[in-house]
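Participant: Fold the following for me, if possible:
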Amino acid sequence: MQYKRILLKLSGEALMGERAYGIDPKRLAEYAKEIKEVVATGVEVAIVIGGGNIFRGVAGAANGMDRVQGDHMGMLATCINGLALQSALEDEDVKTRLQTALEIKEVAEPYIKRKAIRHLEKGRVVIFGAGTGNPYFTTDTAAVLRAIEIDADAILKGTRVDGIYNVDPEKNKDAVKFETITFKDVIAKGLKVMDMTAFTLSEENKLPIIVFDMNTNGNLLKLVSGEKIGTIVINNK
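Facilitator: Just a heads-up that it's a prediction; the model follows:
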């Protein structure tokens, strides 16, 4: 396998499938099967999921809600998604643990780095919920932070697009895809891969980010097997 330990970043919106909001059980089951295939190869998998399909703190603030309160609601939304994915994975007989940055001990373990690593070493999938536990930080930042803490080999950002393009490929048919790109080039070209805090943290710790299409069956397994899927962001070409 190309990687020994990965952190998979999924957006909350990815769980909606064709729905306008909420969680699509069919999409959830598809993701669980994809992750199971990777776990079966011996690759250690940690996951961070967003909460945008349920609630987005920024949107709440825009409607007059206190930003901190809204962000806390967003963190709880990621825990709901984490519980849903945990259930889907367990339906596939994949041993899973949910750890959260906010303590909800009745339904999840509190985040403890050493415990998370031990779970991974035992072949369990670890889902990190509640972001970093702090307002004003996105789940992208949480993903990079957790990946660094558990010493992951790469961050795999699953999206509905098959990589990074010079312009939005869903709006421009002449968009050009990058196979490999440096962190500096992403910033210079103004490409939106992650929020700047997450992106800078990844660059400083020389942690590669791979953006790929998670909705194409088999892509995740191909990627960890070493096939060139999506776009990889690295420090130097």
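Participant: okay, and for this structure, where does confidence drop off?
Facilitator: 56-62, 237 (pLDDT under 70).
Participant: farthest residue from the center of it?
Facilitator: The C-alpha centroid of the chain is most remote from residue 64, which lies 28.7 Å away (Cα atoms, centre = their mean).
Participant: That one and residue 225, how far apart?
Facilitator: Note on residue 64: its distance to residue 225, by Cβ to Cβ, to the nearest Å, is 49 Å. Quick note: C-beta positions are derived from backbone N, CA and C, even for glycine.
Participant: Residue 75 now?
Facilitator: On the measure of Cβ to Cβ, residue 75 and residue 225 end up 34 Å apart.
Participant: ditto for residue 122
Facilitator: Computed as Cβ to Cβ, the residue 122 to residue 225 distance reads 22 Å.
Participant: same check, this time on residue 9
Facilitator: Going from residue 9 to residue 225 by Cβ to Cβ gives 19 Å.
Participant: Helices of this protein, residue ranges please.
Facilitator: Using DSSP state H, the helices of the chain run over 25-40, 57-62, 67-91, 113-121, 139-149, 183-189, 196-204, 219-224.
Participant: Nearest to residue 173, out of those helices?
Facilitator: helix 183-189 (19.2 Å; Cβ to Cβ).
Participant: you'd agree residue 216 is up against residue 163?
Facilitator: No. Residue 216 is not in contact with residue 163 according to Cβ atoms under 8 Å; the separation is 11.6 Å.
Participant: For the two, indicate the residue with more neighbours.
Facilitator: residue 163 (19 against 14; other Cβ atoms under 10 Å).
Participant: beta partners for the closest residue to the more buried one other than its chain neighbours?
Facilitator: Spatial nearest neighbour of residue 163, excluding adjacent residues (Cβ to Cβ, 6 or more residues apart in numbering): residue 231 at 3.7 Å. With DSSP bridges as the criterion, residue 231 is bridged to residue 211.
Participant: Residue 82 reaches residue 50, doesn't it?
Facilitator: No. Judged on Cβ under 8 Å, residue 82 makes no contact with residue 50 at a distance of 10.5 Å.
Participant: returning to what we had before: neighbour count for residue 75 and residue 225, which is higher?
Facilitator: The neighbour comparison of residue 75 against residue 225 (other Cβ under 10 Å) goes to residue 75, with 25 against 15.
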